[in-house]
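>>> mind folding the following:
(2 chains)
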Amino acid sequence: MNKVMVQANKEWCELRRDRFSLALAFLLPLFSLFLFGYGIRLESKNIPIVVRDMNNTLLSREYVDRLYATNLFKPAPLRAETATPSDAIKSGDAKMAITIPKDFTRQIYRGNSAQPEVLIDGTDISNTQIIFNSIKAANLYYLAMLKDERMPDAAVQWVKPHLRLLFNPGREETLFIVPGAFGVILWMFPALLGAVAASREKEQETIIRVYSANPHPLQFLLGKALVYFAISLAMALLIAVAGLLLFGIKPVGDPTPLLVATPLYIFVSVSFGLMLGTWANSQTTAVQATSTLGFFPCLLLSGFVYPISNIPFPLSLFSLIVPARYYIELTRDAFVRGCGWPAVWYVPLVLAAFAVVLIGISWLGLRRMQLKD
Amino acid sequence: MNIIRDIKGSRLLSLILKEAREIMRNPYLLFLILVPPTVQLLILGGALDPQVRHLSLATVDHAQTQQSRDLVASLTTSGVFPNNVYLPNEDALLSQLEKGNLDVGMVIPKNFSQELNRNNPADVQVLVDGADAYTAGIARAYVLRTIHDFTPSGKKEPRFTLPSAVRTDKVDKAEQIIDPKVDILYNPDQESSWFFIPGILGACLTLTGTLVASATVLKERERGTMEQLLMTPAAGWEILLAKIVPLVTFLMGDVLLAVLAAQMIFHMPFRGNLFLFLFASALYAFVGIGFGMLLGSICHSQRQAQLASFFINIPLILLSGTVVPLDTMPPIMQAISVFDPLRYYTFVARGVILKGATFAMLWQQVGLLALAAVLILIVSANRFRRQLI
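Next comes the predicted model:
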């Protein structure tokens, strides 16, 4: 244990002298929390559209008003290069273009179907679904309006749903994003610090000096891990406070799962970095590997933004080995639902398993650092 | 004059060759430049899907009639709710919702069919897990619309009569009176990989460009070989450009590899002009590498550069619309994103690859990319020169 503390002390002295890195270790998480918390919104508003109303009658104008009344669309800027609807979409000026035919009103009064022509930019996957649905919805609304004005007492609806949004009645998107952002941030930066620390020793060939102290590989690893673990705990506290002050996110219900899982998660994250650092040949490789294996998967395969259930089968196995996925489930429970242990009892167990495996792999990696006789 | 220019050209050329050889000699660096971005692109391209589907639904059905089962069936017919689970009572439903295992829960009361048979509207309770605000919004709209359209068996479709001047006999259902013909362009099957790959390609160019570029500069400095370079008669900008050109070339190889792989695996089309795309990619690679060089000249060690690169990379990627949508951000964030070159690259890449957009349509974005590339190179050349003295 003593040797572990010695290693930790040495690492701390080194880090303390590199003020710039130390400052970054605290500024980066705050900065990221700010960006994620304010920057990620999924609910679409102000989708630019082009409307060409060839009919220009009361009915067609009402129909167009109905579309804008969804609060989803705004008129696209007009440019000479993009006069036709398909060009407006091609150039990216508009996401949707609707052309109302000349005979719109006449067809309705004749009882034929009037057929506005709608072009949707299919490249923007998330908006396509929303645009498609809101055109259908606006259509239904418009028809109901036509009918209500003329035949108010016919029954339209057989079943009356009484809908309640649980846990987040105002549908605050920050309540979804910020707890997830805790998971992403506490994965990226502790891992990054760990990776740099472990690989630097090899690159600068100071590992030989470490050998002269003759620590057990595990003592060496734990010593390093301890420093970054402590720093990352402070980091976690910092972003939790920032989350409370900036976004008003605080734990609801039983906080013990959060208190147990957070240190475990940070430990997993630091040892993930150490693992990559011991296996990599240079600091650049280590950081590149951390950002390849850590940053993107944890941002995108953890359910932070897009649901895990959408990932198709062989790739969905990848998300099983992303620890952030489990921790984010836990933070969402702790900060939003507040169910506590019954919902997330398995998370600390999974995290502990990750910690054991990662330390084991870095131990193997450390053997490669041994001197050759 | 010509001869002088030739010599200058060859000096730059030999410097470029020196840098290219250095990269080629280091198979590890070559591997780093080529393999991780491609693998990343393929995994993420295949895995990401922002559409809301596969939501879970559970029902507590106290009525247990044909009509109540029809109501549940009407919700599970589309892809939004693949199936429904029946639960015995409200407590079970609530605890599943609290645990987060359930997105939507529905309670059908005992008198459901009785009310319907009396020709009264029947009530149902719908509970939606609001923890994921966005999904909750879509789920709510879908449930409301489906229940709104639901007509129990044995009941008449709420038929809609327009004023007497309007005849409705020619169309079977009220909805068909206005029947928008919706055409989804460019990606009719909604392959999400087609959407993400051009953007993630840009993100990979950023990550790889900044890391590798800052590493090459700092390595030269940490090893003290920078002095040797400075002893050569080459000018500062020549040294810098010689460092950049081979990297850009390798990154272009990366881009081609990625597009080819995406075509083979995801059948992503390439509808536009390849040269326009490569030109924009090269401009953006210059930007990414320029950022790396800048980091390399500001920071004192590789560790600092690598940590600081996140300061640049995270906002670049987040505010560009590559992985999270841009047009949904609050106005302030959108205003900041005007300064994000990756935003323009993603726009151009998507436009050229998926839509076949031409230069005439994209000249603004391409121009801004070029501006960004020139600016960042001037700034880093300046820093570089100051550092020399």
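>>> in chain B, where is pLDDT below threshold?
B:1-9, B:154-180, B:385-389 (pLDDT under 70).
>>> the longest strand in it is where?
strand B:122-129 (DSSP state E).
>>> which SSE is immediately downstream of that strand?
helix B:133-149 (DSSP states H and E).
>>> how about the longest strand of chain B and chain A, any contact?
Yes - interface with chain A: strand B:122-129 contributes B:122-129 (CB under 8 Å from any CB of the partner chain). C-beta here means a position set from N, CA and C on the backbone, and glycine is covered the same way.
>>> contacting residues around residue 133?
Reading this off chain A. When contacts are counted by CB atoms under 8 Å, 6 or more residues apart in numbering or on different chains, A:Asn133 touches B:138, B:141-142.
>>> wrong one, I was asking about chain B
A:42-43, A:168, A:171-173, A:175-176.
>>> out of those residues, which comes closest to A:Thr292?
A:Leu42 (25.5 Å; CB to CB).
>>> make sure the closest one is actually in contact with A:Ser126.
Yes - counting by CB atoms under 8 Å, A:Leu42 touches A:Ser126, with 7.3 Å between them.
>>> may I see the buried residues of stretch A:215-231?
Buried residues in stretch A:215-231, counted by 16 or more other CB atoms under 10 Å in any protein chain shown: A:215, A:217, A:219-229, A:231.
>>> wait, stretch A:313-327
Of the residues in stretch A:313-327, those buried (16+ other CB under 10 Å) are A:315, A:318-319, A:322-327.
>>> and A:Leu165, which of the three is it?
strand (DSSP: H, G, I helix; E, B strand; the rest coil).
>>> which residues does it form beta bridges with?
Beta bridges link A:Leu165 to B:Val128 when assigned by DSSP bridges.
>>> show me what the strand or helix carrying B:Gln114 is packed against.
For B:Gln114, the element it lies in under DSSP H and E is helix B:112-117. The contact analysis (3 or more CB pairs under 8 Å, 6 or more residues apart in numbering or on different chains; DSSP states H and E) places helix B:112-117 against helix B:66-76, strand B:122-129.
>>> any chance of the ones you listed in CSV, plus mean neighbour count?
What follows is those, written out as CSV (neighbours: other CB atoms under 10 Å in any protein chain shown):
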stretch, mean neighbour count
helix B:66-76, 17
strand B:122-129, 22
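>>> so how far is B:Ile298 from B:Gln304?
B:Gln304 sits 8 Å away from B:Ile298, going by CB to CB, to the nearest Å.
>>> pretty sure B:Leu55 is in a helix, no?
No - if the criterion is three-state DSSP, then B:Leu55 is coil and not within a helix.
>>> how about it, nearest residue that isn't a chain neighbour?
Distance criterion CB to CB, 6 or more residues apart in numbering or on different chains; nearest residue to B:Leu55, sequence neighbours excluded, is B:Asp103 at 4.2 Å.
>>> burial check on that neighbour, number of neighbours?
Residues lying near B:Asp103 (other CB atoms under 10 Å in any protein chain shown) number 24.
>>> try B:Asn84
18.
>>> same deal with B:Ser78?
If we define neighbours as other CB under 10 Å, then B:Ser78 has 11 of them.
>>> quick one: residues contacting it.
Counted by CB under 8 Å, 6+ apart, B:Ser78 has contacts B:Tyr142.
>>> repeat the analysis, applying 10 Å as the threshold.
B:53, B:142, B:146 (CB atoms under 10 Å, 6 or more residues apart in numbering or on different chains).
>>> closest to chain A among the residues you listed?
Among the contacts of B:Ser78, B:Arg53 lies closest to chain A (CB to the nearest CB), at 6.8 Å.
>>> excluding chain neighbours, what is closest to the closest one?
Closest to B:Arg53 by CB to CB, 6+ apart is B:Gly79, at 4.6 Å.
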